[in-house]
Structures are given as C-alpha cells and as structure tokens.
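1. Below is the structure, and that's it, no one-letter string:
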C-alpha cells in the first residue's frame, strides 16, 4: 500500500487499523519553537470522538493521543513528531460475521482483491478511525498558522439544506448544538431528522461547508498543485466523500463571464468573491470557501444482502454501534485536512 | 514555483508560457516496448486545438508536437519521453494593455504578488495553453492502457443540462458535433446558446462528464491517495474548474444508506453503481463516472473594470480571440488527466 | 526538519530522540502476505544493541520493538507497519553539562544554529540511537527479499586492515567474535586494539565491507537513482560515515580501461567483477560489494575544549558510557540500509 | 524508467539519448527575479564539451542550449525553465556493430535485460552525453547562490596524485591547463601520461576533488538527507564514478577521536576541519571538501571480447572518438551536481 503520506514540506504519514494495537502517525516538517497548546489538540479530538452526542455512533474510542518525539519542554523542536492513539477496545467486538463476507458499499471486497489478505476487524485500515491521526496533525497545523481562521460546519443533512450565505452565519454557534450547524433553527430540524433516521436503523449523508479567513496572498502552486486542487484531494481522501466544490462551484458553471468575474477594489480585494479566494490556483487574500458532500454510512441496522468470498449472496444485518449521520463528526476532519494543506503551502511559499 | 509534475510512477512534468518559445514536457516512467500511434496523439491534440469550430476561440495554435527522446523505431524505450510544442505566434499579439493591469478573475494579480515578476503575455504560465502538454501525456497514457475506455463529453452548457444517464448515451456521437455532447438534440440547443453568448461578447461555463470503463479491480491507494481523490485533484488542476463529484456525488449526500448501498451480484459486480466504480478509494471493476464543473472564461469582449499596479481602477475591454465556452475543448483535457491518473495507479498496482 | 523518510515504494519514515518517550517509524509499501519471522528481527536488533560485548558502549537500551499495525495473524497486510521502541532510560542521565555547550565534532552547534531550539539530552535526534528504527525496517526488507544474501563485516579497525578478498572469507564466522570480522586472526588483533583504545579513554574509526549476493539483473534506475548512488546515499546517511566506494572504488581510478573492463562469459556473467555487480546504475547479477568508512566516535573520555553558547571555550570531559569503536555495531545498520535500498528498487522494477 | 529527476525544491528533470533529436530538461523551483548570465552558462558548457583539448574525446557536440520557458526579459520568472540541447550528429555514426552486442563494462546488457528494447546508438540514455543537461541546471544553480564558491579540480590521473592540501592551491590556475589540475607541475605530468594512454588506445581513471566555500551554516537535513549523503548520491550518479569521500574520508577511519575531533574557536568556526564542513549532516560554515573517484572509460581502441545477444563471445574494437581520460571534462559536472544539491537545501532551509 502506498499513499499513507500527505504533503511535501508539512508531511503527515499515518498508520493503524481499527482494531490493531494503535493508530498513529509522524508529522515531518513542523517548524521548531512552536509552543503547543495540548488542550486545543484534545478539543479537536473530542469533536471527532464517537459518543459525543445522541445523534452519532456510540462506539467507545478514548482517542487519547500520546506524543513520543519532536516536542521538548512543551515546544516543537523541528524534528518529526511521532504520536500514537492506542486502541483500547480491539478485542471487544465480534467480527467473525464479516471475516468471509463483503458488506455492500464497504471496502472489504476490493481489499481482498487487491491485497489477497486483510485485517477484517472493523474495516481494518479502511475504517474511518484512521481520521483520528489526521485530526492530530491538523490541530498542530492550526497552531502553526494562528492567524488563519478555519471554520467548518454542517450545511445540509439529507434533504435539509441551510442556504444562508456564510457571511450571515455566526460561527461561534457551530459548537452550540450536536449537528454543528450554526443556524439554530436548521440545526433543530436536522437533529430531529437524524433521530428519525436512527430509529429506522438507517443512515443519511450530508454536506460540510468550510470557510478559511485571513489567508495571506500567495499560497498554492499554479499548475498541478493548485490550492483548490490540493484542498479537493484532501477532502476527497476523507472516508465517504463524494464531491467537492469551491467558490461558485457547480452553480458557477451555469453563469456568464460578465456575472462571474470578481471586480477589484483598489486595494486588490474584490467586490464579489465567486472565485472563492483563489485565482489561478493561488490564494488572493479573500475568504476561501468550499463544500464537501458525504454519502450515508454504509453500515445500516437493517438486513441487506452481502457477498461471501465463495460467491454466495447472504443476508446480513449491521452489527456494532450505529452511526446514523456522519457529518457532525466530519466537521473537525474537514478543518484538519484544510489546515494540513495550508501548512504545507505556507512552507512552500517561504521558499520564494 | 513548485508543482509542475503530476504522478509518482507515470510522472509528467511540464513547462512553458503562452507566448514563450515553446511549451513541452517530460514523461518519466512510461514502460518500454509500446508501439506508439502518433496519429492518435495528433487526434487528441486537434480536439483541444483552438479554431476547431465556430463556437470556440479562433486563436491560431498549430500545436504540432515534436518528440525528442524516449522513442526509437516507433516504440517507447522506457527512458523519459521529452517533447516540445513550439509557439509560433509568440510575437504577433500586443499585450501592453495587461503589462501593468490586473484583469478581473485572472491570475495576473496573484502572480505579481507571489513572484514579483511575470511574463504577462497571454497569461504566461497561467494560460490554458499549458494544457496542450497534458493532452500529449494523456494520449500516451491511453495507449499504455488500451483495454480501458475513457469517454468524456459535455453534459451542460450554462443553464442547458443533459440529464440522460450515461448508459443511455451513444459515445460514438460525441465527436459528431462541435459541442461534444452525445445527445444531438441537446447539442443543437447548446450550440445555439453558445453562438448567442458569443454575439453578446460574453462567455459561459459548463460541465464535462466522464465515464471510464473496463478498469481492473484494484487501482487506487486507500488512504490519502484514493483513486477518486487523485481524479479530483487532477480535474481541479485544469484551468477554470470549480467542482468535482463522482458516483452519486452531491446528490448522494441527500440519500439514505438503504437507498445508496450497492448490492452485490455473485460475481463481485454490483446491481447499482452509486459508488461510481470506487470503494474505499480502490476501483471495484464497475464503471467509474464523474462530473467536472467549469466556470465561464474570464476574458469577455465587454468593458469591465480592471486594477492597475498603482492601485487605479481602469476600464478594460478584452482583446484577442474570444472563447465563448470552454467546455467543448475541455473534453480531451479531462480525458487526458484521467488517463494520466490511471496510468500512474496501474504502475503502482503492479508492485503488489 | 525534512528528510525523515527513505525510499519511494518501500518507504521508511522514522521519528524519535535519544531521550524522548520512544523511537519508532512507519514502513509504507511492504507487500501483503509476508509471514514475518519476529525472532529474526530481534536478532538484528540485538546485533545493533549497546552492551552486547566488552568492546562496545555499555549503555542500556532494551530496544524491544512493538509493532502496532500492518500485521495480522503474523502476516503483513500490505498496510503501513507502525512500530515503536520505547526509551526506558530517558530520565536516568544528567545532560545539564551539554545544555549550553557545543561538544567538538558533535551536531550540537549546527542544530542550535538551524533550529534555534533543541532537545540536548543525549544528542536528541542526532543520536545514533535513531538507527534502531532503520534496523527494524531493514530486517523486514530482508524478509521481503529472502533470496538475496546481504553480509556486512568489519574489514578494518583504525590502522588494522583485513585485505583478504571477500571471496576467500567465511561469512558464517562474522558473528563468531565481538568485532564482526570473519577472519579470526585479524579479529583478535582488532579486538585487542579496541581494548587498548578503550583504556586510553579514546575512540577509533574503521571500515565496514558489505557483499550482496543473488541479486536479480535489473535493480536500479539508470540516471540520478543509480543503484550504487542510492546505496551510497543510504550508507552516508548513517551517523559517522565519511566515505563510500563500490567495486574497484578509489583504486579503480588508478587503473587502465584494458585492465578494468569485465569481460563476459557467454551466460552474461563476467570473468572479473571490478564493476561491483552494477553497470550503468543497474544490477547485472554479479555480486555487489562496497566499503563504508566510519570516523571515530566524537565523545571521548579525555578532556577537550568545547564551546558554550556565549562564545566561551571551556574544557569538557565526556560523560556517559564510552563507545570505543563504532564499527562492530554498525554492521547490522549497513545491512539494514542495503536491504531497504534493494527492497525499494525491487518494487520499482516490478512496474516494468 | 524512473529516477530522471533530482532534488525536492530545486528540481531538475532530464531527458534525452545520445543520438536522439535532442537532450534537455526542466528546472522546477528556480526562484523568480534572477538576472541570468547566459555567457556564464556557455562557459560551463564549453568546459564539459568534447574536443576542447587534445587529451579528451574529439567527438563533435555543439552543445548549444536553447531556453524555452521560465525566462522573460533576461530574468527568471519562477516558472519552470525548459531547455533543449539539439543533437546535431545523430545520423553520422554507424552503430550497427553494437546493435546486437554487449560491450564489456557498458550498460548495453543490463538495459536489454531490464527494458527488453533499447536505443543502442552511442549508449542511448546511458551515454555520458546526458550530463550536458546537468551542467545547464548546475550553472543556473550557481547563479542562484552567488556567494557560494564551488571549485573542482583534477587531483589524480591514474597513478599520478596531487597530494597538496587544497588550502595551498591556487584555484585560479584550474583552467590554465587542459587537465584542470591547479598545480602546474602535476598537470604537465598528468597530461603527458594521458597522451601516452591515448597512443596505447587505452583509457585511464582519476579523481576529482571539490571545495565549496562560503556556505552558510544550516544547509542539509539531519537524518536520511544529510548534506554529505546527498552530495554523495549526486556524485555517484555521474557516469563512471566509483567512490566518494568527504572531509577526512577513508583516512579518517584510521584515526582516533582525540586526533579527529575539530576543536572550536570562540566564533563557532573550528581550528581543524576533518569534519569537512558538515556536522550531523548540516553545514557548519567551514569549507566543504570531498573527493570523487572515476573509473577509466570502458570504450578502448584495443580489441576486447564482447557478448552478442545470442550468447556468442566475439572480439570487438572500439569505434568512434577515443576518450582517454574522463576526469578533465568531469570537473564541471562535479561542480554542477554540487550546485544543484546546495540550491535544493538552500530552498529547504528557507522553510524554517
């Protein structure tokens, strides 16, 4: 397996299966002398953590991160930061039902085809538990770029959409409800909807929106490594993501140039921002904003046909804790990946 | 500037400004012994070429590619393939009006901020002319993977959408009209719309859809380098792209798990394909399909305010050839980038 | 800090300071289905371990490796192998004497200049303790390539040289003495010499020779990533290494072409092997052999002047355990790095 | 074939066979705003050029470099610099004698084994002609680092050694004789020796020494990418190189720590410099110096047995121009690779 690293100069490499000894990773390239706020890292971890509210999975994952290197007397030394997140429940569940079975819309089948052998417990490496390491790396990236503000929030759950422009939202309300939707009215409807889905033993998808403010002009490399191309890859690499759009996005494809162009103010800022803060792959100093679409979690508490490794179709009912809607817990992961991408481009931009 | 390479094992590096001596690139990692079909490469180049029909830009770019290495007696040798595409018109245009001016929604401003110095003629490195090198590399990648079929087409132009599922389209009709829309009725309406836009001196965006068939199971690396994450990055790295979705895409975020899961047939194929041919970042053998949103070209033949490098707002009218709708010419570029991504993962997958 | 990874497809990333919580690393790219021999890994670790004999440092480093991922039911799964080696003695030593002092020929000064802040305890990241992680990754690389035989040995200690050609040595005797020299007579003289050096409170350098047999034809990439160029980099990246030569080496520079050329046998093997098993950067199936020069360890038990961070010269006497000669313990590290380089090229070669 | 790129941030990718249309390359990462001295680039090219004196090969290679991008109004723009060096003599020679024959100590055999198909004319990609592209990239790297002085020179030819320490040499005399040895007496003896070798139709190896002065403290990454490890790889990647040593080198392995340690002056400089300007992989501000061993060129004008691709041993006499001693022309290549390595670490170091 290749592809367990992200970034060039702020480089994150992760390891770990859902039910192995531990998850963890190495952050290579974090500059020296940053006084780390460990509590802030814990806060990010707890935003991703299962069991944080009644509308997410009730799995138990303590997610306590242990830093093993790269930090001395509370400050980064510039050497690689190694960390682990022990798995405490790795023996508690029974996964024999999926040992020889491929669950629909899970990675079981392709892993077996590609590798010939897999750790089937809890999805192994394909488990979304892998994103815990991303949150650690993202939390440190945020501290590397204290001036930049990254705010993600849930803007839709299934058919329920929050269409208010982000400028009219109060980001301080994001954490005020378990859905992580800053509009309280919408949040209540979404929460109700998720409770209903949970009762049905079903799951539902949603959309996470993200706004990045105070980005300096110049981040991003203008050909293959455009800032939005890397943001897109980073988001699409999160489990269950099906789409990414930034600025005007898909709706921009319906517009005319005379409507879409962002005219300048004399200070280089623009009167409108359909560009989404990025021109030619490079940040222009305006707000960056994008949307990330998540499909519904594949494990449902209803009976569905699965395939076994002898080619038989067999009915299977989801076991384990039910995760009716993935998007509230995806919010900190979206922010983490955005922070990692920005940290990397920030370092690259220092070489000019 | 970093980021002028794409891929790990099938690695494409490009160079070249719109109005410099030449564009070109190096393809490193193409296996030896492939008998190249140079005519097929020319066909791809002519699909991207300006002036190919009345509804695209009438700029003159001969786009004749010259191969300089890596090919002997018509076959690849496994050594890097160097190629150039001379610019024949580099002195013909007058770009003095943009020397000190930043055109709205162009990269002029951010280039000046980031690099302090730029080749302003025709957008320099930020010009979409850079994509000619991608088409060369993609055409060779296609020949490396003869069994895989990649078909892109225009599925919307501005407000006009073709909503027919791809299974009901006849891909052999894509090249039968200048819009590259396989549905002839929609194509005619789209063409009419573009002609109207051109008369207004305006531009319009659109969507390119792409379908990849006969992909073996196993392409893609399951964490950061998921197949769809790389496809997304590759597409978002094309000029003017604002969004990417695959399989069920954004509409999948509105669905329930019980609707969205793809149930298996006994041969490992699935009854539905909302997953879009990819599970856990790895191809599962089903058709891969995705959609790419393009914004309207920023250069319009109407007068708009621009910013000069002294902070003055000045009206400017677009000069040069008018490109009313970018998507017909984007079709071969989408296919080329898809081919490059697949070639790279195909080689990585051989290491298991 | 960048540069904590080695390899492209068999990719090793390490972390850890001498006196932090733990060392460790991630091996990304190890193929699935390899039944690991954990005892063989332990053997390699114990060959590197301090305190293994009277002529090496008596520091206590238990070096027990814990695997955290990538292995299931004793076999590799193809996912990244994360591992840690806890530091058990991180609080036992007193390093206050080097907190503000730069020891001669140590990295203290350059770390402070480059990073502005460092973990001064035991050399921090610049400690040779970092090589423990390399030995883990090398031991697994060896198991990936069971047919290839890698034998390193000590061929000189200070002024005492073993000049016997490797063909006349019995590699099974390497582990029969604490010097790791397969010629018992030379080994005894070297051991005596090291004991004498130890009594003087001094240290001495030496040379490790390495022979790699049963290498398939074709490993290595012929321009910048020549097989011997990567072997050279890998060896030079080991602490205290000052030189690398392969095949005829420096003495080959004194020869004529008519003497140096290796004439073919009809099966493609060669009658002589001054080329050292590599032609044009690619293995040719003959034995690969090379020599690695190590300088004496900088920490001596004599008093020498050091520099403090205020610019004062102050006498300092080495504290801690004395490592009179580094080369016996360097033998498994040389083998480990050779195995990592070969594993990487082996995977790259599978893509053709 | 992989491995046609060198460097991370100052990244050079090359292409081209000896007898194809052209050689060339792309330099990605050169900062913007550098006013290029094209004459200085030409000077470097002419130092590498065949036919420059009576003691090197008389092949005709005009080696005129054409820059195609990345330069505007004489200054770098920060975008990739593409360049080509046309091959003007690609049809003039007859290479049918090596089409099916493997010359001893050439790469013919391993290329055929690895790739199954090769451009046999003049060695194809394995030809030292490939180094012309390195000289271009190195010449620009030198201009990027105007304060750093890189001086390479020939310190031995076959059995004739110049043992004078570099501090006692006058580098301004390097170009005063065709051998590129700054000691005129030694140069005369070396030249006489090479003339004699040429008459015999034979070839001879030699050593190039290199001294780098005015290097800032801090270049190099301290674990796998140590400054001397990259310098070693860069040198070993040059055709015909068999060994690399820096600072005290192999002779340092015979020394005691009490002799080898470099004691500090109060300004951080050291009284001696056996370390060769590098501590723990990082430049310490002292002179960097190293030696590179070259084997004799394999093509000799005497008759030697070769192998054909049917397994027959057949006598063969070298054709083409005779290159009796490679080292005078290797001097600018050594400097070029050193400059590329330094440019890359210089940019990496800016990210701290």
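-> Cool, the structure landed. Note that the coordinates shown come from a computational prediction; the quantities given were computed from them, not determined experimentally.

2. May I ask you to confirm that residue A:273 is in contact with residue A:262?
-> Yes: when contacts are counted by Cβ atoms under 8 Å, residue A:273 is listed as touching residue A:262 (6.0 Å). The way it works is simple: take the backbone N, C-alpha and C, and place the C-beta from them, glycine included.

3. which one of those two has more residues nearby?
-> residue A:262 (21 against 18; other Cβ atoms under 10 Å in any protein chain shown).

4. Give me the three-state assignment for that one.
-> When classified by DSSP: H, G, I helix; E, B strand; the rest coil, residue A:262 comes out as coil.

5. Which positions within the helix or strand bottoming out on mean pLDDT in chain A qualify as buried?
-> Ranking every helix and strand in chain A by mean pLDDT, DSSP states H and E puts helix A:96-99 at the bottom, with a mean of 79. For helix A:96-99, burial by neighbour count (16 or more other Cβ atoms under 10 Å in any protein chain shown) applies to residue A:98.

6. Could you check which helix or strand contains the residue lying farthest from the centre of chain A?
-> Within chain A, residue A:266 marks the point farthest from the mean C-alpha position, 36.6 Å out by Cα atoms, centre = their mean. Assigned by DSSP states H and E, residue A:266 falls within no helix or strand.

7. That one contacts residue B:309, doesn't it?
-> No: using Cβ under 8 Å, residue A:266 is not in contact with residue B:309; the gap is 11.3 Å.

8. ok, the nearest residue to residue A:84 once chain neighbours are set aside - contacts?
-> Distances taken as Cβ to Cβ, 6 or more residues apart in numbering or on different chains put residue A:24 closest to residue A:84, at 3.7 Å, once the chain neighbours are dropped. Neighbour list for residue A:24: A:14-16, A:82-85, A:133, C:68-69, C:82 [criterion: Cβ atoms under 8 Å, 6 or more residues apart in numbering or on different chains].

9. returning to what we had before: residues shared between the contacts of residue A:273 and residue A:262?
-> By Cβ under 8 Å, 6+ apart, the residues touching both residue A:273 and residue A:262 are residue A:286.

10. Is there contact, residue-wise, from stretch A:197-216 to chain B?
-> Yes: contact of stretch A:197-216 with chain B (Cβ under 8 Å from any Cβ of the partner chain) involves A:197, A:200, A:202-207.

11. which pair in those residues spans the largest distance?
-> A:200 and A:207 (20.9 Å; Cβ to Cβ).

12. So for these two, which residue has more residues nearby?
-> residue A:207 (24 against 15).

13. per-residue confidence at that one?
-> Listed pLDDT for residue A:207 reads 98.

14. Could you do residue A:159 as well?
-> Predicted confidence (pLDDT) for residue A:159: 97.

15. Kindly report the same for the one 4 residues further on.
-> The pLDDT attached to residue A:163 in the predicted structure is 93.

16. Can you report how many residues neighbour residue A:30?
-> 27.

17. Which residue is the nearest non-sequential neighbour of it?
-> Using Cβ to Cβ, 6+ apart, the nearest residue to residue A:30 is residue A:76, at 5.3 Å.

18. what's across from the one you found in the sheet?
-> residue A:71 (DSSP bridges).

19. Determine if any part of the helix or strand where residue A:138 lies is in contact with chain D.
-> Per DSSP H and E: residue A:138 is located in helix A:131-144. No: for helix A:131-144, no contact with chain D is found by Cβ under 8 Å from any Cβ; the gap never falls below 11.5 Å.
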